[in-house]
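Student: Structure of the sequence below:
(2 chains)
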Amino acid sequence: MALDPTVIKKDFPILDRLVHGKRMVYLDSASSSQKPTAVIEAMSRYYETTHANVHRGVYTIAEEATGLFEAGRASVAKFVGAADTSEVVFTKNVTEAINLVAYSWGRRYLNAGDVVVLTEMEHHSNLVPWLALRAERGIELRYLRVTDDGLLDLSNLEETLDQAKLLGVTAVSNVLGTINPIRLLADAAHSAGALVLVDGAQLAPHLPTDVRALGVDFFGLTGHKMLGPTGIGALWARAELLEAMPPFLGGGEMIRDVRLDGFTPNDIPWKFEAGTPPIAEVVGLSAAIDYLTAIGLSAVRDHERDLTAYALTALQDRYPDLVVHGPLDPSLRGGVISFNYKDVHPHDLSQVLDESGVCVRAGHHCAKPLMRRLGVGATARASFSVYNDGADVDALVDALATADRLFA
Amino acid sequence: MPGLEDLYREIILDHYRNPRNRGELPIPPAYAETGFNPLCGDEITLYLQLNGDCVDDIKLTGQGCSISQSSASMMSMAVKGKSMAEARATIRKFKAMMSIHEQRLDGADDGSDDDSGDSEDEVEVSLGDLEALQGVVKFPVRIKCATLSWNTLAQALDHLSAVQP
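Tutor: Alright, predicted model coming up:
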């Protein structure tokens, strides 16, 4: 069933606000999405009726809070197609999920000379943990490069993966929008004997996610980009991998026993969840998953692809000098459009657009190696979610005329 | 709510479109210092040529938004031909203008020129055209754009003071 953004907009109270006296047009969902009433109310209701620490008390609301928390885990497990809820570890975001893998799995299994393959389009969160491990352990990093069309260059895939222990790759580029061929990459990596870690930050909110169909080993998602709250994300990993990994952070919750001369870790997934977790945030994430699932991720994808197609045409028809980065075929990309306009700096573009109530991101998008590949210091980026419509795109296109007047 | 005209004054756009003192100087005798704004990826490289205590020549390269580029252009004009003490005084005055609305803890200056050591013999300087950048303080996230070149200049002067007794 097709998604109706005019109905959906009503579920997001923030979209009613004005900026500089104009209707706010929010086009920065790749950075952080807005939240529907269902998510906001689920979190308030939890605090108003149920809050207590989880996995500790035996009294009624403690049981209820634990029930909600673990139901949230089951919800994430179902959402990503996990085989079992024990494969879902709550983290604060994808950044922490990747760091968990780098610190726990990486430091247990990677030694000097071991190869990790990454790509030139990774977010800093999938580069820095591995660069740190290279500095510490002397692992070797190799990179799949980006073609002029904004796709991963797979021409030397086998050679690059030769002897590799891990391939780390984003499912959808947060800059180019490129949807990477994860299944193909995973098969190639496994043939080479490497595990596959996927940054799903830009996939989970926008396309159906099935970790087993993708054939990957580690998958990270982040709640605040998928209509949920900040401070909550998840690492999915195959159970046998989690079993064989040492704890990441130490503290309460993650232990079975503590003696003065040592400790025994808890079972998975709690082994990786030290300290009181963000309980209300899990409740909010669960509500966000319910909201997205009710719409249907296929309908979300169709809507965002059509909107992206409309935006690409509208921008380039009106501004022939506007450069869009990444693949121009909407079927190859998510709802993320990074662009540069003449010599106008993206900061100035964003500032001018704000005057019209249009919110777009300007900067390097935590992908400086990719900025260097594109030959720019920064880009402006408009990105879409379920609540955006053609009128939002029109507002963006119209507002760019002010930049023309001021700077061009 | 402040409008775009508070930010993009004509003189700022003029310096952005026609940046002054653009280019490089041979190293040595010049000294180069590069500054980054990690938030937006802007970067600037300053080339400073001293003659004794005087900033004999200054050039700059780099990329950035209209605010960072125009601020750098105006800065280069403001300090070229000035003494080190005058240059430092100009940095202090400019950064003070940029921090009008910032919360101060203990009244401490956040500038990297705290330990410049010459605050006692304060020099009178005028900001002139730089006053046009005053509107930037109404757009707090852009203050770092405006101060990038100034922080870079302060680092360069600190370095040069350390190596030249």
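Student: Who are the contact partners of residue 65?
Tutor: I went with chain A, as the question did not name one. A:46, A:50-54, A:279 (CB atoms under 8 Å, 6 or more residues apart in numbering or on different chains). In this view, the C-beta of every residue, glycine as well, is placed from N, C-alpha and C.
Student: sorry, should have said chain B
Tutor: B:Cys65 touches A:345-348, B:40, B:42, B:142, B:145, counting by CB under 8 Å, 6+ apart.
Student: rerun at 7 Å
Tutor: By CB atoms under 7 Å, 6 or more residues apart in numbering or on different chains, the contact list for B:Cys65 reads A:345, A:347-348, B:42, B:145.
Student: before we move on, the earlier item: now the contacts of A:Ala65 in JSON lines, with secondary structure, neighbour count and pLDDT?
Tutor: Formatted as JSON lines, these follow (DSSP: H, G, I helix; E, B strand; the rest coil; neighbours: other CB atoms under 10 Å in any protein chain shown; pLDDT from 0 to 100):
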{"residue": "A:Tyr46", "secondary structure": "helix", "neighbour count": "22", "pLDDT": "98"}
{"residue": "A:Thr50", "secondary structure": "coil", "neighbour count": "19", "pLDDT": "97"}
{"residue": "A:His51", "secondary structure": "coil", "neighbour count": "16", "pLDDT": "97"}
{"residue": "A:Ala52", "secondary structure": "coil", "neighbour count": "15", "pLDDT": "95"}
{"residue": "A:Asn53", "secondary structure": "coil", "neighbour count": "16", "pLDDT": "95"}
{"residue": "A:Val54", "secondary structure": "coil", "neighbour count": "21", "pLDDT": "94"}
{"residue": "A:Ile279", "secondary structure": "helix", "neighbour count": "23", "pLDDT": "98"}
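Student: could you dump these to a markdown table with distance to A:Ser104?
Tutor: Listed next are these as a markdown table, based on distance: CB to CB, whole Å:
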| residue | distance to A:Ser104 |
| --- | --- |
| A:Tyr46 | 30 |
| A:Thr50 | 32 |
| A:His51 | 30 |
| A:Ala52 | 29 |
| A:Asn53 | 25 |
| A:Val54 | 22 |
| A:Ile279 | 23 |
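Student: which of these sit farthest apart?
Tutor: Greatest spacing in the contacts of A:Ala65, by CB to CB: A:Tyr46 and A:Asn53 (12.9 Å).
Student: right, and B:Leu39 touches B:Lys144 too?
Tutor: Yes. Here B:Leu39 lies in contact with B:Lys144, judged by CB atoms under 7 Å, at a distance of 6.3 Å.
Student: more crowded one of the two?
Tutor: Remark: of B:Leu39 and B:Lys144, B:Lys144 carries more neighbours, 18 against 14, as counted by other CB atoms under 10 Å in any protein chain shown.
Student: Next, count neighbours for the nearest residue to A:Ala102 once chain neighbours are set aside.
Tutor: Excluding its sequence neighbours, the residue lying closest to A:Ala102 (CB to CB, 6 or more residues apart in numbering or on different chains) is A:Pro129, at 3.7 Å. When counting by other CB under 10 Å, one arrives at 21 neighbours for A:Pro129.
Student: Surely A:Pro129 touches A:Ala97?
Tutor: No. Between A:Pro129 and A:Ala97 there is no contact under CB under 7 Å: 10.2 Å.
Student: can you pull out the strands in the stretch 101-250 of chain A?
Tutor: A:115-119, A:140-144, A:164-170, A:195-199, A:218-222, A:233-237 (DSSP state E, counting those that start in this stretch).
Student: wait, A:Ala194 sits on A:Leu166?
Tutor: Yes. A:Ala194 is within contact range of A:Leu166, at 5.5 Å (criterion: CB under 7 Å).
Student: Look up the residues forming beta bridges with B:Thr34.
Tutor: Beta-bridge partners for B:Thr34, by DSSP bridges, are B:Thr45.
Student: and it, how many neighbours?
Tutor: With other CB under 10 Å as criterion, B:Thr34 counts 13.
Student: And for the one 4 residues further on?
Tutor: For B:Pro38, the neighbour count with other CB under 10 Å is 11.
Student: Residue ranges in chain B under the pLDDT threshold?
Tutor: Scanning chain B for pLDDT under 70 picks out B:1-2, B:40, B:100-122, B:164-165.
Student: okay, the lengthiest helix in it in CSV with CA atoms only?
Tutor: Criterion DSSP state H: the longest helix present in chain B is helix B:143-163. The C-alpha trace of helix B:143-163 is given here as CSV (Å, rounded to 0.1, in the frame of the first residue of the first chain):
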residue,chain,number,x,y,z
ILE,B,143,31.4,31.8,15.3
LYS,B,144,33.9,29.0,14.8
CYS,B,145,33.9,29.9,11.1
ALA,B,146,34.8,33.5,11.9
THR,B,147,37.5,32.7,14.4
LEU,B,148,39.3,29.9,12.5
SER,B,149,41.9,32.2,10.8
TRP,B,150,42.4,34.1,14.0
ASN,B,151,43.1,31.0,16.1
THR,B,152,45.5,29.9,13.4
LEU,B,153,47.2,33.3,13.5
ALA,B,154,47.5,33.1,17.3
GLN,B,155,49.1,29.6,17.0
ALA,B,156,51.6,30.9,14.4
LEU,B,157,52.5,33.9,16.6
ASP,B,158,53.0,31.6,19.6
HIS,B,159,55.3,29.4,17.5
LEU,B,160,57.3,32.3,16.2
SER,B,161,57.6,33.9,19.6
ALA,B,162,58.9,30.6,21.0
VAL,B,163,61.5,30.1,18.3
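Student: Could you single out the nearest of the contacts of B:Cys65 to A:Val211?
Tutor: When those are ranked by distance to A:Val211 (CB to CB), A:His347 comes first, at 37.6 Å.
Student: I'd say that closest one and A:His364 touch.
Tutor: No. Using CB under 7 Å, A:His347 is not in contact with A:His364, being 11.1 Å away.
Student: Right, I'll call it a day here.
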